[in-house]
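Enquirer: Got a sequence here, can you build the structure:
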Amino acid sequence: MTRSKPILIGLTGPTGSGKGVVADVLRERGAYVIDADKIAHAVLAPGGAAYDAVVANLGEGILNNDKTINRKAVATIVFNDKIKLQQHTETTHKHILEHIRTEIEAATQDGHKIICIDAPLLTESGMHERCDVTIAVRADDQLRLTRIMERDGLTQAEAERRMASQTPFEEVARHADVILDNNAGPEDLARKAASLADQWLNG
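Expert: Presented below is the predicted three-dimensional model:
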């Protein structure tokens, strides 16, 4: 029996926007969620596909005593140097995208009705072009700033640099089919996401 083609959802949003809430709701509704951040952890682990190149690019100063990559050290370098950030993105993303494609194929074979790619750089990588629907989550800058500082233990200056390094939301929104506002809090965002998921599942 031939299975129907799954709905491929692209989920993105700037840091601190709260897109993880949407991913959790889709997962609860039975979607297969591909987490690009987790994949990034894997390719940067010792022996991972991008490990050697990243250490060569950024130096051994980014390594912990156990030779794992200190992600905060990496962030400190790349979010203060646009050239280093571009090099780091180019080094890691080809491996991340390859892993995403492999997971999409596997989830399709397993018969999942909805597959969601949760990726901060979905549109920048061009992966949104493969998606049936692209969702962009947004929140006011001040809310995002507070969330990032609390979540990652950053100073205000560090959080602001991280925010400034990202593509402006207006540019991301140009490629989005659905824009979800997260200024009213996670419960409100979860309700919106659940409504969308139910439409896709019952459609």
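Enquirer: Skip the chain neighbours and tell me the closest residue to the residue most central in space within the chain.
Expert: Among the residues of the chain, the one closest to the centroid is residue 119, at 2.4 Å (C-alpha atoms, centre = their mean). Leaving aside its chain neighbours, residue 119 sits nearest to residue 36 (3.7 Å; criterion: C-beta to C-beta, 6 or more residues apart in numbering). For every residue, glycine as well, the C-beta is placed using N, CA and C.
Enquirer: got a list of what that neighbour touches?
Expert: 96, 100, 117-122 (C-beta atoms under 8 Å, 6 or more residues apart in numbering).
Enquirer: right, and the pair among those with maximum separation?
Expert: Using C-beta to C-beta, the two most remote members of these are 100 and 120, lying 12.7 Å apart.
Enquirer: shaky segments in the protein?
Expert: When residues are selected by pLDDT under 70, those of the chain lie in 1-3, 203.
Enquirer: How are the strands of it distributed by residue range?
Expert: Along the chain, counting by DSSP state E, strands occupy 7-12, 32-35, 114-118, 133-138, 178-181.
Enquirer: Of these, which is nearest residue 51?
Expert: Closest among those, using C-beta to C-beta: strand 32-35, at 19.0 Å.
Enquirer: Direction included, what does the closest one pair up with?
Expert: Here strand 32-35 is paired, per DSSP bridges, with strand 114-118 (parallel).
Enquirer: How about residues contacting the partner strand?
Expert: With C-beta under 8 Å, 6+ apart as the criterion, strand 114-118 contacts 6-12, 19-20, 23, 26-27, 29-37, 100, 104, 107-108, 127, 131, 197, 200-201.
Enquirer: what comes up buried for the lengthiest helix in the chain?
Expert: Counting residues, the longest helix found in the chain (DSSP state H) is helix 82-109. For helix 82-109, burial by neighbour count (16 or more other C-beta atoms under 10 Å) applies to 85, 87-88, 91-93, 95-97, 99-100, 103-104, 107.
Enquirer: same check, this time on stretch 58-66
Expert: 58, 62-63.
Enquirer: What of stretch 46-54?
Expert: For stretch 46-54, by 16+ other C-beta under 10 Å, it's 48-51, 53-54.
Enquirer: now stretch 19-31
Expert: 19-23, 25-27, 29, 31.
Enquirer: Nearest to residue 164, out of those residues: which one, please.
Expert: residue 19 (18.9 Å).
Enquirer: how about the closest one, what does it touch?
Expert: 11-13, 118, 135, 137.
Enquirer: if we can go back for a sec, so can I have JSON lines of the buried residues of stretch 46-54 showing distance to residue 158?
Expert: Shown next, in JSON lines, are those (distance: C-beta to C-beta, whole Å):
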{"residue": "48", "distance to residue 158": "25"}
{"residue": "49", "distance to residue 158": "28"}
{"residue": "50", "distance to residue 158": "23"}
{"residue": "51", "distance to residue 158": "25"}
{"residue": "53", "distance to residue 158": "25"}
{"residue": "54", "distance to residue 158": "20"}
